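Asker: pasting the structure only:
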């Protein structure tokens, strides 16, 4: 069984997705009913107060905790037991966040007006006039073709957004710590170069290394008129400095995140004409509320298949960070990173990829086959490398054992 620290609405929305992945026998129980050790926890950290989160996490010696959030900054990793696997919903919000960022960039580009009108008020042209004169008004907008856009962060959001922007003709620069060979995008680790752009989209995780990455000094060197879009965490940007620069008309901003949330009544960001705010809803879409269940199911499949699947080269670390000054940290690993195999979510009653299974467990998911005695046993690092959404430095050893136990007939 899986124990949860979710609101009733999230439970209601996620159960069909979980049943679709694991079969109708999946059992969800409240976290208060968990055993003292080796339980599996689904937790919505943003739905709980700090005190309540601490109470839930201290209530048992969990083997695996999956967060419904894309970020893991709710968790103090310095105090986290390394043998308790911590994973996050790394992929499910990528499309809505990228869509929000694209919308923000386009809205800014067309802020002076749009080319369409409620009613066409043009006068009839002369018989010999060209149908579309070169001086025809676009309404004051400019569009994305040729615009310079920096994407800070190379996880699922950054990759998707950069691809879309490139397809629309923008000149995309990716801010990352180290270059990726063969990337179609210009890459830099220089903050000054990253801020010399028309738009900067912040899609980095909040860690000790990214806190105030865009500080007063960095923002002061930005290209005049830079439009900053933040779909990640407010603390990555020096909010006071950003406020002052937007008030002076030197920068523009579209912020889905602020510190605090919501801002106090009378805070200047609420009224500046150079700033647009939204209430931390960039992740929302018509089908996103319970999409974390899909990521959870994918990780479950990886854990179930780990011991019998071919393990990747353990020297490759799919969770490496790519932004300047960022250590191994949550939010940067990406399911689409080259060389990171991720098992598909099994269809109801079907075995996980590469796992021959003669029987189906009470959860409706396949029980992994035991490797032949002569087969080499992959080391723990290699097995962890196939776990998407893993937050370093946690490991999946106990989680794999707990999932195997649940998949064993007669266990629940």
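Answerer: That came through fine. Because the structure is a prediction, the values reported are computed rather than measured. Residues are numbered from 1 along each chain as shown.

Asker: Going along the chain, name the strands of the protein.
Answerer: Along the chain, the stretches classed as strands by DSSP state E are 2-5, 28-30, 40-43, 64-67, 85-87, 148-152, 171-175, 186-188, 199-202, 227-230, 252-255, 275-277.

Asker: I'd like those written out as TSV, with mean pLDDT added.
Answerer: What follows is the strands of the chain, written out as TSV (pLDDT from 0 to 100):
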stretch	mean pLDDT
strand 2-5	93
strand 28-30	90
strand 40-43	96
strand 64-67	97
strand 85-87	97
strand 148-152	98
strand 171-175	98
strand 186-188	96
strand 199-202	98
strand 227-230	98
strand 252-255	98
strand 275-277	98
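
Asker: Select, out of these, the one closest to residue 386.
Answerer: When the strands of the chain are compared for distance to residue 386 using CB to CB, the nearest one is strand 85-87, at 12.3 Å. (Each C-beta comes from the backbone N, C-alpha and C, glycine too.)

Asker: Mind checking the pLDDT average for stretch 390-402?
Answerer: Stretch 390-402 shows a mean pLDDT of 93 in the predicted model.

Asker: Need the distance between the two termini of it.
Answerer: 16 Å (CA to CA, to the nearest Å).

Asker: ditto for stretch 167-186
Answerer: The first residue of stretch 167-186 is 15 Å away from its last residue (CA to CA).

Asker: can you tell me how far residue 44 sits from residue 5?
Answerer: Counting by CB to CB, to the nearest Å, the gap between residue 44 and residue 5 amounts to 7 Å.

Asker: Now do the most far-flung residue of the chain relative to its centre, the pLDDT please.
Answerer: Among residues of the chain, the one most distant from the C-alpha centroid is residue 127; the distance is 56.1 Å, by CA atoms, centre = their mean. pLDDT, residue 127: 80.

Asker: Compute the distance between it and residue 121, please.
Answerer: As defined by CB to CB, residue 127 lies at a distance of 20 Å from residue 121.

Asker: circling back: quick one: which of residue 44 and residue 5 has more around it?
Answerer: Neighbours of residue 44 and residue 5, each counted by other CB atoms under 10 Å, are more numerous for residue 5; the result is 24 against 20.

Asker: Specify the beta-bridge partners of that one.
Answerer: On the basis of DSSP bridges, residue 5 takes part in beta bridges with residue 43.

Asker: residues touching it, list them.
Answerer: Remark: with contacts taken as CB atoms under 8 Å, 6 or more residues apart in numbering, residue 5 is in contact with 30-31, 41-44, 47-48, 53, 56.

Asker: Turn those residues into JSON lines, columns for distance to residue 66.
Answerer: Compiled in JSON lines, those are given as follows (distance: CB to CB, whole Å):
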{"residue": "30", "distance to residue 66": "16"}
{"residue": "31", "distance to residue 66": "12"}
{"residue": "41", "distance to residue 66": "7"}
{"residue": "42", "distance to residue 66": "5"}
{"residue": "43", "distance to residue 66": "7"}
{"residue": "44", "distance to residue 66": "10"}
{"residue": "47", "distance to residue 66": "14"}
{"residue": "48", "distance to residue 66": "14"}
{"residue": "53", "distance to residue 66": "14"}
{"residue": "56", "distance to residue 66": "13"}
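
Asker: Show me which of those residues is closest to residue 96.
Answerer: After measuring the contacts of residue 5 against residue 96 - CB to CB - the closest member comes out as residue 44, at 16.8 Å.
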